[in-house]
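> Pasting a predicted model and its sequence here:
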Amino acid sequence: MAFRNRRAAALPAKLSRSWLLVNAAKPEDFGPALACEADSVIFDMEAAVPDDKKGEARDAVVNALSTGMTAWVRVNGIDTEFWADDLAALSEAPGLRGIMLAMTEKPEQVTLSAMRLRAGTPVLALIESALGIENATAIASAPGTFRLAFGVNDFRKDTGVSDSPLALAYARGKLV
């Protein structure tokens with residue numbers, strides 16, 4: 001059974017311009033998401049999943065990635081109680097394309113995450129705080145970093161800035 005649309009399946013992740021987050025607690029949405037036109041699909045085990053459902057969502061993701069589906073996975077931040085279990089469960093999942101590491105603030109967080117996965121598994125570092133913005137250059141240079149992404153909502157919560165383009169200009173400029 002084909003899960004991925006052919007164009008998106010053939011596109012290398014480094015060329016992806018559209019990324020679709022799918023709630024990992026809703027495995028019934030995995031197939032339709034993978035069939036859509038998004039360049040890359042990310043099963044979200046972090047923000048979309050309440051703490052008491054994280055284990056169940058993790059199991060659903062590992063099952064999907066072990067039965068023919070391929071996707072990226074947003075894992076919980078390194079400072080959470082879920083991070084180690086997320087990486088242990090994903091480390092042998094054959095359909096894992098890479099991870100998005102939530103709340104990345106330091107370069108060693110990327111490297112430690114990459115070291116717990118199969119060699120060469122890319123880590124997309126999600127910058128969501130003022131500290132992450134200030135360390136963006138070092139994070140981008142860390143072994144294992146594939147790309148940086150900007151989590152605007154959590155950044156705004158961390159800093160108290162508005163959503164105006166001017167208020168976010170410094171942060172966006174650090175990530176360009």
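Sure, I can see it. Numbering: from 1, shown residues only.
> contacts and neighbour counts: CA atoms only from here.
OK.
> Now do the contacts for the closest residue in space to R118 that isn't next to it in sequence.
Once flanking residues are discounted, R118 sits nearest to S91: 5.8 Å by Cα to Cα, 6 or more residues apart in numbering. Taking Cα atoms under 8 Å, 6 or more residues apart in numbering, we find S91 in contact with R116, L117, R118.
> so where do the strands sit in the protein?
Assigned by DSSP state E, the chain shows strands spanning 19-23, 40-44, 71-75, 96-101, 123-127, 145-150.
> Show me what the third one is packed against.
Read that as strand 71-75. Counting contacts by 3 or more Cα pairs under 8 Å, 6 or more residues apart in numbering; DSSP states H and E, strand 71-75 packs against strand 40-44, helix 83-90, strand 96-101.
> what's in contact with stretch 156-165?
Identification of contacts with stretch 156-165 by Cα under 8 Å, 6+ apart yields E128, S129, A130, A167, L168.
> now stretch 38-47
8-9, 11, 13, 16-25, 30, 33-34, 54, 57-58, 61, 71-77, 100, 102.
> Who does the residue nearest the centre of the chain form a beta bridge with?
Closest residue to the average C-alpha location of the chain: M100 at 1.9 Å, with Cα atoms, centre = their mean. Legend: beta-bridge partners of M100 under DSSP bridges are R74, L124.
> is it true that it touches V123?
Yes: if you go by Cα atoms under 8 Å, M100 and V123 touch, sitting 5.8 Å apart.
> picking that back up, and the residue nearest to the centre of the chain, how close does it get to F150?
As judged by Cα to Cα, to the nearest Å, M100 and F150 stand 11 Å apart.
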